[in-house]
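> Provided below are the primary sequence and the corresponding predicted coordinates.
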Number of protein chains: 2
Amino acid sequence: METTPRRTTGRPRGFDADEALDRALLVFWEQGYEGASLANLTQAMGISTASMYATFGNKEQLFRKALERYDEGPSAYVPVALAEPTALGVAAALLAGTIRTTTRPDQPHGCLGVQGALATGDAGREVRALLVDWRKNGFARIRERFQRAVDEGDLPADTDPALLARYVAVLQQGLAVEAASGVDPAELQELADAALRNWPLP
Amino acid sequence: METTPRRTTGRPRGFDADEALDRALLVFWEQGYEGASLANLTQAMGISTASMYATFGNKEQLFRKALERYDEGPSAYVPVALAEPTALGVAAALLAGTIRTTTRPDQPHGCLGVQGALATGDAGREVRALLVDWRKNGFARIRERFQRAVDEGDLPADTDPALLARYVAVLQQGLAVEAASGVDPAELQELADAALRNWPLP
DNA sequence: CACGTTCTGAAGCGATCGCTTCAGAAGGCG
DNA sequence: CGCCTTCTGAAGCGATCGCTTCAGAACGTG
């Protein structure tokens, strides 16, 4: 990432911005946007508030960067899943990826895009809207992929791509809530398998 | 409700505790436990902080009472749904009830039990655990109902009640997240219908 | 009416909130 | 080396956090 123009001169930054961002991501992921205080964040990042503001702007912009980081890291399974050759393969990979990402023992349980700011006070209104868009975008990408599957004959011609995409998205979000509740991933995977057992075949 | 022993003498309370609790419920529902400040709450309740503390104890106990109120009000469809004669009827009523409750135009969108404290800082740890239990309890009641359906022959003998209950619970929670994102209830109901189309029949 | 009890408005508790400022330390460059 | 830019630790900004205290108002009761 290139958070600052990085002039040629001056004292170089004493920390790794990417690593600091990763640590901030974990804090937001676990505590949510409003639940994560500046003190929590900077302590986990190992830097002072001044360095945080100089590097990332403010708390909200830090969250936006952390969300981008989430897309590149924990949520990187999504584009991979969408590239699966069949619609059923796409759905299965999305659900498996969701379960894997939301239940890792070394990470916060659940999904940042869901629990980062699902209900907030005034201070979190913009971040909440950001995550609403993030989820809407995720749904749209699945819908487009399923539309392609219909066009290609991979899904029956009378399939409603939006309905099917909503099904997958709802399962993903429901799974994320279950994961945040500490439910065993094996049980969730069993459910994901069952939920795709009646997939519409061409 | 009977928050105070209600002695026979003394100056009577100048507000309706139930109504104040209803208003607090709306604030918690929309802003979450941590996002709702004492100022938000007492202003919506129309009382001073002293009255709130005298009547309800503190913020956390106020939330607990609000959750009980949520069970009696917005979430009252659950026991009704569980009393449906067939397992499919139970599932359909639970999903329809979820959609109705989480998308009412005159109420916050989404589910208090999900978005009230899904990810929190230290201050919300206990409330988060409370809602985890709340959700686990909801799942358990569905599972027990489906177990009964298996015993009664209303579901095939080889049906896994826990798996089927998890399916319904995940759909409910996913629908609640969609509702919190502002998705049209008609679209969600369409999805709920589709999700139950391959219900295991005896 | 006076008493006794309870409720309530207001003020304020220490702590923390997100955020800013600033002097000085730390490095690259001429 | 000395200059100049940038980074950083610490202190502190006003505001708000959840919560408590208290004097006085408001009522039922004897």
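Received, thanks.
> name the SS class of residue A:190, please.
Classification of residue A:190 by DSSP: H, G, I helix; E, B strand; the rest coil places it in helix.
> select the longest helix from chain A.
When chain A is parsed with DSSP state H, its longest helix is helix A:125-152.
> average pLDDT for it?
The pLDDT scores in helix A:125-152 average 98.
> could you point out which element follows it?
helix A:161-180 (DSSP states H and E).
> which other helices and strands contact that next one?
Where contact means 3 or more C-beta pairs under 8 Å, 6 or more residues apart in numbering or on different chains; DSSP states H and E, helix A:161-180 is packed against helix A:87-103, helix A:112-115, helix A:125-152, helix A:185-195, helix B:161-180, helix B:185-195. For every residue, glycine as well, the C-beta is placed using N, CA and C.
> what parts of chain A come near DNA strand D?
By the rule C-beta under 7 Å from any atom of the strand, the part of chain A lying against DNA strand D is A:4, A:7, A:9-15, A:47-51, A:54-55, A:121.
> just the buried ones from the residues you listed?
Neighbour-count burial (16 or more other C-beta atoms under 10 Å in any protein chain shown) applied to the residues of chain A next to DNA strand D gives A:47, A:51, A:55, A:121.
> any idea which of those is closest to DNA strand C?
Using C-beta to the nearest atom of the strand, residue A:51 comes nearest to DNA strand C of those, at 8.9 Å.
> separation between the closest one and residue A:11?
Distance of residue A:51 to residue A:11, given as C-beta to C-beta, to the nearest Å: 12 Å.
> out of the helices and strands packed on helix A:161-180, deepest packed?
Between those, helix A:112-115 has the highest mean count of neighbours, a mean of 29, where neighbours are mean count of other C-beta atoms under 10 Å in any protein chain shown.
> what average pLDDT does it get?
In this model, helix A:112-115 carries a mean pLDDT of 98.
> just the residues of chain A next to DNA strand D that are near DNA strand C?
By C-beta under 7 Å from any atom of the strand, the members of these lying near DNA strand C are A:9-12, A:49-50.
> list the residues that contact residue A:73.
A:22, A:25 (C-beta atoms under 8 Å, 6 or more residues apart in numbering or on different chains).
> sorry, that was for residue A:157
The contact partners of residue A:157, taken as C-beta under 8 Å, 6+ apart, are residue A:150.
> got the contact list for the nearest residue to residue A:35 once chain neighbours are set aside?
Nearest non-adjacent residue to residue A:35, counting by C-beta to C-beta, 6 or more residues apart in numbering or on different chains: residue B:121, 3.5 Å away. Residue B:121 is in contact with A:31-32, A:34-37, A:40, B:34, counting by C-beta under 8 Å, 6+ apart.
> any idea of the pLDDT on residue B:121?
For residue B:121, the pLDDT comes out at 96.
> and what of residue A:202?
Value for residue A:202, per-residue pLDDT: 74.
> swap in residue A:14?
84.
> residue A:169 contacts residue A:139, correct?
Yes - in this structure, residue A:169 is within contact of residue A:139 by C-beta atoms under 8 Å, at 4.6 Å.
> quick one: low-confidence residue ranges for chain A.
Low-confidence segments of chain A (pLDDT under 70): A:1-8.
> point me to the residue of it nearest DNA strand D.
For chain A, C-beta to the nearest atom of the strand, closest residue to DNA strand D: residue A:10, 2.2 Å.
> checking that residue next. Helix, strand or coil?
coil.
> phi first, then psi, for it.
phi 100, psi 170 (degrees, to the nearest 10).
> tell me which element residue A:70 is part of?
Taking DSSP H and E as the definition, residue A:70 sits inside helix A:59-72.
> hmm, that helix touching DNA strand C?
Yes - applying C-beta under 7 Å from any atom of the strand, one finds helix A:59-72 in contact with DNA strand C at A:59-60.
> next SSE downstream of that helix?
Next element after helix A:59-72 (DSSP H and E): helix A:77-82.
> can you name every helix or strand that that following helix contacts?
If you count contacts as 3+ C-beta pairs under 8 Å, 6+ apart, helix A:77-82 packs onto helix A:87-103, helix A:125-152.
> roughly how far out does the first one sit from the chain middle?
The offset between the C-alpha centroid of helix A:87-103 and the centroid of the whole chain comes to 13 Å, using C-alpha atoms, centre = their mean, to the nearest Å.
> contact partners of it?
With contacts defined as C-beta under 8 Å, 6+ apart, helix A:87-103 is touched by A:74-75, A:77-78, A:80-82, A:84, A:107, A:109-111, A:142, A:145-146, A:149, A:154-155, A:164, A:168, A:171-172, A:175-176, A:179-180, A:185, A:188-189, A:192, A:195-196, A:199, A:201.
> one more: stretch A:18-30?
A:1, A:36, A:40-41, A:44-47, A:52, A:55-56, A:62-63, A:65-66, A:69-70, A:73, A:107-108, A:110, A:112, A:115-116, B:119.
> do that again at 6 Å, thanks
For stretch A:18-30, contacts defined as C-beta atoms under 6 Å, 6 or more residues apart in numbering or on different chains pick out A:36, A:40-41, A:44-45, A:47, A:62-63, A:65-66, A:69-70, A:108, A:112, A:116.
> now residue A:19. Its backbone dihedrals?
Taking degrees, to the nearest 10, you get phi -70, psi -40 for the backbone angles of residue A:19.
> give me the number of residues near it?
Counted with other C-beta atoms under 10 Å in any protein chain shown, the neighbours of residue A:19 add up to 11.
> and the one 5 residues further on, by the same measure?
Other residues within reach of residue A:24 by the criterion other C-beta under 10 Å amount to 25.
> please name every helix or strand in contact with the helix or strand hosting residue A:42.
If you go by DSSP H and E, residue A:42 is part of helix A:38-45. Applying 3 or more C-beta pairs under 6 Å, 6 or more residues apart in numbering or on different chains; DSSP states H and E, one finds that helix A:38-45 contacts helix A:17-35, helix A:49-56.
> thanks again, I'm all set now.
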